[in-house]
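1. just coords:
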């Protein structure tokens with residue numbers, strides 16, 4: 001992640017679709033671990049998950065994932081608004097710009113160029129899950145980093 005302005009933080013709780021019941025997500029974030037386990041049982045094949053926080057007035061410049069073999073979702077956890085209750089944290093994929101909502105999911109293919117901007121006065125936090133693309137049978141080439 002390249003942040004042009006401000007700071008961001010990514011905390012990865014699990015990788016390679018594996019959960020360690022004694023460490024990692026089970027200890028640090030049991031609710032997230034439980035959600036990841038439930039998603040793993042849906043057939044969606046989650047690869048990794050973690051939290052992403054972006055401080056106020058920060059911008060993650062346009063970038064894209066290295067493969068179209070995976071999809072991502074962002075669950076809005078802390079989504080600030082302006083004093084007039086307007087959105088101030090935005091996610092742009094291609095020509096589409098959306099704002100996060102707490103408790104709502106943005107689902108996207110990160111092989112398309114995307115960027116994030118937080119114009120708010122407080123940080124934005126999302127729970128991010130990366131899934132193997134459902135149309136891809138062989139996931140051996142996926143980048144699990």
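-> Cool, got the structure. Computed from a predicted structure; not experimentally measured. Numbering: from 1, shown residues only.
2. Let me see the confidence value for the residue positioned nearest the centre of the chain.
-> Residue closest to the mean C-alpha point of the chain, counted by CA atoms, centre = their mean, is residue 128 at 2.6 Å. We have a pLDDT of 87 for residue 128.
3. my guess is it is in a strand, correct?
-> Yes. Checked against DSSP: H, G, I helix; E, B strand; the rest coil, residue 128 lies within a strand.
4. hey, what's it bridged with?
-> residue 50, residue 74 (DSSP bridges).
5. so what's it up against?
-> Contact analysis of residue 128 by CB atoms under 8 Å, 6 or more residues apart in numbering lists 10, 49-52, 72-75. For every residue, glycine as well, the C-beta is placed using N, CA and C.
6. Pull out the buried residues from those.
-> Buried members of those, scored by 16 or more other CB atoms under 10 Å, are 49-52, 72-75.
7. where exactly do the helices run in the protein?
-> 25-28, 30-40 (DSSP state H).
8. hmm, back to that, distance check, the residue nearest to the centre of the chain against residue 82.
-> 24 Å (CB to CB, to the nearest Å).
9. quick one on the thing from earlier: any chance of JSON lines for the helices of the chain, columns mean neighbour count?
-> Shown next, in JSON lines, are these (neighbours: other CB atoms under 10 Å):
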{"stretch": "helix 25-28", "mean neighbour count": "16"}
{"stretch": "helix 30-40", "mean neighbour count": "15"}
